[in-house]
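[1] Generate a structure from the sequence data that follows.
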Amino acid sequence: MDNILLKPVTIGKYELPNRIFMSPMTRSRADNPENKATPLIAKYYEQRSTAGLIITEGSQVSPQAVGYINTPGIYSAAQVEGWKLVTQAVHINKGHIFCQLWHVGRMSHPDFHGGNLPVAPSAINPHDHSFTAEGFKDTVTPRALTIAEIHNITQDFRMAAENAIAAGFDGVEIHSANGYLFHQFFANCSNTRTDEYGGSHENKARFFFETLLAVGRAIGFERVGVRLNPSAHGFFGMTIDKETIPTFEYIVERLNDYPKLAYVHLLEPLAPVDNVPYAEKEIAKHFRPRYKGKLIINCGFRLKSAIRVIDDGLADAVAFGKAFISNPDLVERIRDGIEWSRWDDKTFYTTGDKGFTDYPRATG
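    Alright, predicted model coming up:
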């Protein structure tokens, strides 16, 4: 039986061997003073390099952007050298890998900033938790960014994208989902600005599109993807209101103005939204008609549902997260009909190789 997941797909400038993509997932293994990728991290990605495309864990674009311990950055020379270990390991196996560019905004904590407040569109506490060196701590009320600071962060993303290409990445993904900085600008629950970065759909998306333009001009739009989560609710302080889905409709439709963009990466709801007013339960079905380019869908897919969403024309590829954690050979298991191993969520954010590079490959 033909399996659409195993058929090639063109993403940006690359012809990829399959549609089984590896989703970005924080793993907290950059446990060194430079927050750089290590040989252990290179081994982790090398083990999974048969994925059609690997999208790395979020990589902070500046010291201000960090929000979790032991996450690798992409703003320093040492970090570029660290990531070279990763890209070389993946490319040796003829794999492809994009670096996810990340700024957590208000999800950070003063512990990461010498006691200074994290930044956000507006001074609104998400009332969640930040993962610090002393464990999980309550988030605080951030300070609102000035317009000049917003422009500076756009340049941080541009420089991070250039660093990613220097490190050997095939492209970058702008993390605009899951309650982090760009998503905070999109949402009324976190953005109450009255200047050109708040209010209308256009204003709430202005920072995102300014950054996309800067990054695309720097490295080529065919090397740039974006990630969006339209129905995130109760996740890092995000809520849905009557403007939420229309805002994302505006964003997704406007992305058609960038025909060379590598892809749009959407998430289905991270938690059930059946009883959430104004939420959209079927993200791929809702947004596929609104976007003409390549669309990746993510969140909760298994083999049959992944095949179905592509067969139905609702996505071009499926990104798998936890399944890739515990199945470094997920592509081969799908090809050969081998059962998938279960992950150990107690080791998602620890250090060392346990639950990271020690998951066995199938022998069948």
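[2] Every contact and neighbour count from this point should use C-alpha atoms.
    Will do.
[3] all helices in the chain, in order from the N-terminus.
    39-47, 77-92, 147-166, 181-186, 201-219, 244-254, 283-287, 303-311, 322-326, 330-336 (DSSP state H).
[4] which one of those helices is the most hemmed in?
    Burial of those is given as mean neighbour count (mean count of other CA atoms under 10 Å); helix 181-186 ranks first at a mean of 27.
[5] Does residue 318 touch residue 300 like I think?
    No: if you go by CA atoms under 8 Å, residue 318 and residue 300 don't touch, sitting 10.1 Å apart.
[6] Those two: which is more packed in?
    residue 318 (29 against 17; other CA atoms under 10 Å).
[7] What residues are bridge-paired with that one?
    As for beta bridges, residue 318 partners with residue 20, residue 297 under DSSP bridges.
[8] The residue nearest the centre of the chain and residue 56: what is the separation?
    Per CA atoms, centre = their mean, the C-alpha nearest to the average position across the chain is that of residue 175, at 4.5 Å. From residue 175 across to residue 56, the span is 11 Å (CA to CA, to the nearest Å).
[9] Please apply the same query to residue 154.
    Taken as CA to CA, the span from residue 154 to residue 56 is 20 Å.
[10] Quick check: beta-bridge partners of residue 101?
    Taking DSSP bridges, one obtains residue 59, residue 174 as the residues bridged to residue 101.
[11] what residues are up against it?
    By CA atoms under 8 Å, 6 or more residues apart in numbering, the contact set of residue 101 is 58, 59, 60, 61, 74, 157, 160, 161, 172, 173, 174, 175.
[12] Could you do residue 41 as well?
    Residues in contact with residue 41 (CA under 8 Å, 6+ apart) are 29, 30, 86.
[13] I'd say the second one and residue 37 touch.
    I take that to be residue 30. Yes: counting by CA under 8 Å, residue 30 touches residue 37, with 5.6 Å between them.
[14] who touches both of the two?
    What both residue 30 and residue 37 touch, as defined by CA under 8 Å, 6+ apart, is the set residue 72.
[15] Next, count neighbours for residue 313.
    For residue 313, the neighbour count with other CA under 10 Å is 12.
[16] which residues does it contact?
    If you count contacts by CA under 8 Å, 6+ apart, residue 313 has none.
[17] Please report the distance of it from residue 256.
    18 Å.
[18] got it, and residue 297?
    17 Å.
[19] What of residue 63?
    32 Å.
[20] returning to what we had before: between residue 30 and residue 37, which has more neighbouring residues?
    Using other CA under 10 Å as the criterion, residue 30 and residue 37 rank with residue 37 on top: 27 against 21.
[21] rewinding a little: how about the helices of the chain, which one is nearest residue 272?
    Distance to residue 272, taken as CA to CA, is lowest for helix 283-287 among those, at 12.4 Å.
[22] wouldn't residue 53 be in contact with residue 16 here?
    Yes: counting by CA under 8 Å, residue 16 is a contact partner of residue 53 at 7.1 Å.
[23] Overlap in contacts, the two.
    Common neighbours of residue 53 and residue 16 (CA under 8 Å, 6+ apart) are residue 96.
[24] which stretches of this structure have low pLDDT?
    1, 363-364 (pLDDT under 70).
[25] how about a cut-off of 90?
    Under the criterion pLDDT under 90, the flagged ranges of the chain are 1-2, 234-235, 270-272, 300, 363-364.
[26] Wait, residue 222 touches residue 260, no?
    Yes: taking contacts as CA under 8 Å, residue 222 lies within contact range of residue 260: 5.1 Å.
[27] Now for residue 175 and residue 56: what residues contact both?
    residue 100.
[28] Look up how far residue 129 lies from the closest residue to residue 100 other than its chain neighbours.
    Counting by CA to CA, 6 or more residues apart in numbering, residue 173 is the residue found nearest to residue 100 once chain neighbours are left out, at 4.5 Å. From residue 173 across to residue 129, the span is 25 Å (CA to CA).
[29] Would you check how far apart residue 116 and residue 149 are?
    15 Å.
[30] I meant to write residue 209 there.
    On the measure of CA to CA, residue 209 and residue 149 end up 16 Å apart.
[31] picking up where we left off before, could the helices of the chain go into TSV alongside distance to residue 273?
    Shown next, in TSV, are those (distance: least, CA to CA, whole Å):
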stretch	distance to residue 273
helix 39-47	33
helix 77-92	37
helix 147-166	32
helix 181-186	18
helix 201-219	23
helix 244-254	13
helix 283-287	11
helix 303-311	19
helix 322-326	21
helix 330-336	29
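[32] Those: which one's closest to residue 345?
    Closest to residue 345 of those, according to CA to CA: helix 322-326, at 8.8 Å.
[33] Alpha carbons of that closest one, as CSV, please.
    Listed next in CSV are the C-alpha coordinates belonging to helix 322-326 (Å, rounded to 0.1, in the frame of the first residue of the first chain):
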residue,chain,number,x,y,z
LYS,A,322,7.0,13.1,21.2
ALA,A,323,6.9,10.2,18.7
PHE,A,324,10.3,11.3,17.5
ILE,A,325,11.7,11.6,21.0
SER,A,326,11.2,7.9,21.6
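[34] list the contacts for the residue nearest to residue 237 when sequence neighbours are not counted?
    Taking CA to CA, 6+ apart, and ignoring the residues beside it in sequence, residue 237 has residue 126 as its nearest neighbour in space, at 4.4 Å. Going by CA under 8 Å, 6+ apart, residue 126 touches 106, 107, 139, 140, 141, 190, 236, 237, 238.
[35] what's the burial count for the fifth one?
    Neighbour count of residue 141, defined by other CA under 10 Å: 19.
[36] ok, now the second one?
    By other CA under 10 Å, 31 other residues sit near residue 107.
[37] Since that was my last question, I'll sign off now.
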